[in-house]
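>>> Build the 3D model from these lines:
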Amino acid sequence: MRKLALVVIGILVLLGLILQKDPPPWPKMGMPTGGKPTEEASGELTNWAERVSADLLLDQTTATTIFPGDLARVGLVYDQDREKEPAFQVWRQVLREDGVPFQAITTERLNRLSAREIAHRFAAVILPDEVAIRIPAELRRKLEEYTATRGGRILLVYDAASQDRTGAALPGDPMAGLAGVERELTAGTLEGGWVIPPDSPLRPYFDTGVLFDDRLGVYSLPPIVDQGFRTRLGRGEVLARIKAAGETSDQFPTDRKTAGEAAAPIPAGPKAAGSTLRQVRGADVRLVRRRYPSGGEAVFLNGRVARQKYFYNDDLIAKVPLKFFLREVARVPRLLPSPQGKGTMVINLHVCSGAYFEDLDRLFYHGDLPTSFPMSIHITAGPDTNRPGDGTGVDARNPNRGLPYVRILSSFGRIGSHGGWIHNYWALSFQKLSYVTKKDYIDRNFAALEEVTGQPVTEYAAPGGAHSEEINDMLAGWGVRAVAYPVSFNSPPTHAWTTRGPEERFWHFGYTGTRYGTCFENMLAEKRRPSQIVEDTNRLLDEVLARREIRLFYFHPISIARHPEMWRPIRRRLEEEVTAGRLVIRTMTDLADFLDRHQQTEFTVARGREGYYLVARGPEGLAEMTFALPLDGGHLTTVEGLEIREEGDWGYVTVKKNVKFLAVVLRWKQ
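Purely as a prediction, here's the structure:
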């Protein structure tokens, strides 16, 4: 009987929430005042009925009927039989890592909603590549109305919505026509690079270090290439195009007629009066948008975005165009993946060999290592460097060689493992080493560093980038929380992909650099003067601050010890930004802990007439979690326990104490 009574009460609570016209009774956000938090002060709900309410408020289905106003979230559309595809996992992953509220919904379920209901439930709709290929004609018409009439924002990627229910290509490609372009679906695909013109609004979303003139790439690696359909441009505005193989010019042509081609408009899709008609001289578009008088927009991304992630671990293509769409086009609120919502850096020092002892002596003597922020310091601990027995390594256990250096370095941050015991031998002979030898070298390095420091070693960097999937199991055995090896360049931390899917046992930190290198030593080798490197690094730091993302930058003792005229201004700028509260610098392990809490946080945001309704819950606490909310010309009132900063047209709301539950109305100032 007691269980039946609880069920009845739960049903009554649900019906009451659904039927009420006014906003729900928001629980008061308690804040601890010192000592052990009380149950109320910790932000936890105090009775069964309120716990049911919180679950409903955070559930992506029931929240639709509870919140006043429209839910600020993304609809991720997929074909029901493709739920287990790697591409679907990628799209869920990148949205979660960027803190975007979303609901995955099948084409069948989406088709049950009217265009008006779609607009109420979703601030934006994404039809991703590989998993949303077939689309019913009825749903296509609803999405056209959602975008052209009801002000919705839609992103179509590569082959999305290119077939009918039978698998046949849609004549005239009406869904891409919604974005002002037509795919030549039966003409096959082509492969080429990314060209982003100087005036493209997409360009500021990339670090300048990956832009070579108009091309997209990473230092010392071939230009980034991707597949794409051949296209015919209609009423779309081109933001990026495909650079064909063998093309030498980096110019961005805008007059198709000069190539002798007729600029034929695409008849499919609703007419967008007054939209920009920007023609490209026979070029195939990579990213194109079309705006509608209703305020709606459609964007088409012509590339195999998911494959770039699950096959190449390239986050530049997998994430940056998506950020542009969600932030500039759809303006969707998000939970920022950085502490306090600030630009954040890992300063990563690699000590690979005993050859750096003299440089470390200089740094210690002159006080050139920072004391106002911690570094991640990764050490190859063995007695050798180039081959077994050469005696040139750090030799971390030796009191007459590496031991005092390791102990001194441990006072400047967290010690991590830099691979397999013999730095250069590991890097150059990696493919020849047996599994047993690799594991022996990994284990020796961790054991030596833990013995010398008396602390667990929870970070790892691969020497020379030499890494493989089997190493991950070895690292997990040592309790590693964060790793670095050369993929996902100039991108925030992620769960890198392996043949088994995303590696979620630890966070991967990609190296960040400029077009001249990913560390100071690369840049010096490219003949950059120290003063130029200071300028390049300051520009990179400006971008980190503006994007409010996490980046890792690494170097070795030799460059900063022998070029103090380069290192000291950079260190001084870092310290000034930290002191001013604009920049956060932490170790990889500390940031891995934050990112785990970020991933565990559930939240719902709705926008009503009086302001934003925000509900969030984090099992390990919400401290330093920051929500970015579009202001659109308005201003938010202050709320006790929250820090609200307004920059540009966004408000940043940071939770100041480690409460586990938050429910609040952020009202507009009158």
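
>>> what about P171, distance to R582?
Per CB to CB, to the nearest Å, P171 is found 54 Å from R582. Just so you know, the C-beta spots here come from the backbone N, C-alpha and C atoms, and that holds for glycine as well.

>>> Neighbour count for these two, which is higher?
Legend: neighbour count by other CB atoms under 10 Å for P171 and R582, higher for R582 (12 against 9).

>>> Any figure for the gap between the more buried one and L574?
Distance of R582 to L574, computed by CB to CB: 11 Å.

>>> swap in E647?
On the measure of CB to CB, E647 and L574 end up 21 Å apart.

>>> who has more neighbours, these two?
More crowded of E647 and L574, by other CB under 10 Å: L574, with 20 against 12.

>>> List of residues touching the host helix or strand of that one?
Using DSSP states H and E, L574 sits within helix 564-579. With CB atoms under 8 Å, 6 or more residues apart in numbering as the test, helix 564-579 has contacts from 345, 347, 366, 368, 370, 372-373, 520, 530-531, 533-534, 537-538, 541, 545, 559-561, 583-585.

>>> Just the ones in strands from those, please.
Among the contacts of helix 564-579, DSSP state E puts 345, 347, 583-585 in strands.

>>> Would you point out which residue is most central in this structure?
Nearest to the geometric centre of the chain sits D98, at 4.6 Å (CA atoms, centre = their mean).

>>> Next one: that residue, what pLDDT does it get?
D98 carries a pLDDT score of 97 in this model.

>>> Test my guess that it contacts K319.
Yes. Between D98 and K319 there is a contact under CB atoms under 8 Å: 6.8 Å.

>>> and stretch 224-244, how far from the chain's centre?
With CA atoms, centre = their mean, to the nearest Å as the basis, stretch 224-244 stands 24 Å off its chain's centre.

>>> Repeat that for stretch 468-477.
On the basis of CA atoms, centre = their mean, stretch 468-477 sits 24 Å off its chain's mean C-alpha point.

>>> Can you list the low-confidence ranges for this structure?
1-69, 244-283 (pLDDT under 70).

>>> neighbours around the nearest residue to V655 once chain neighbours are set aside, how many?
The shortest distance from V655 to any non-neighbouring residue, by CB to CB, 6 or more residues apart in numbering, is to L622 (4.4 Å). The tally of other residues near L622 (other CB under 10 Å) stands at 27.

>>> hang on, L622 packs against V615?
No. L622 is not in contact with V615 according to CB under 8 Å; the separation is 11.2 Å.

>>> got any residues that touch both of those two?
Residues touching both L622 and V615 (CB under 8 Å, 6+ apart) are L662.

>>> Going through the contacts of helix 564-579, which ones are buried?
The neighbour count (16 or more other CB atoms under 10 Å) marks 345, 347, 370, 373, 520, 530, 533-534, 537, 541, 545, 559-561, 583-585 as buried among the contacts of helix 564-579.

>>> buried residues in the helix holding L574?
566-567, 569-571, 573-575, 577-578.

>>> and what of stretch 430-442?
Under the neighbour-count criterion of 16+ other CB under 10 Å, stretch 430-442 has 430, 433, 438-439, 441-442 buried.

>>> can you tell me which of those are in helices?
438-439, 441-442 (DSSP state H).

>>> Can I get those in TSV including distance to Y219?
TSV is the format used below for these (distance: CB to CB, whole Å):
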residue	distance to Y219
K438	28
K439	32
Y441	28
I442	28
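
>>> Now for those residues: which two are most distant?
Using CB to CB, the pair of those lying farthest apart is K439 and Y441, separated by 7.4 Å.

>>> Excluding covalently adjacent residues, which one is nearest to R289?
Using CB to CB, 6+ apart, the closest residue to R289 is V299 (4.6 Å).

>>> again, but for Y78
V131 (4.4 Å).

>>> got the contact list for the one you found?
Residues in contact with V131 (CB under 8 Å, 6+ apart) are 78-79, 82-83, 85, 87-88, 91, 306.
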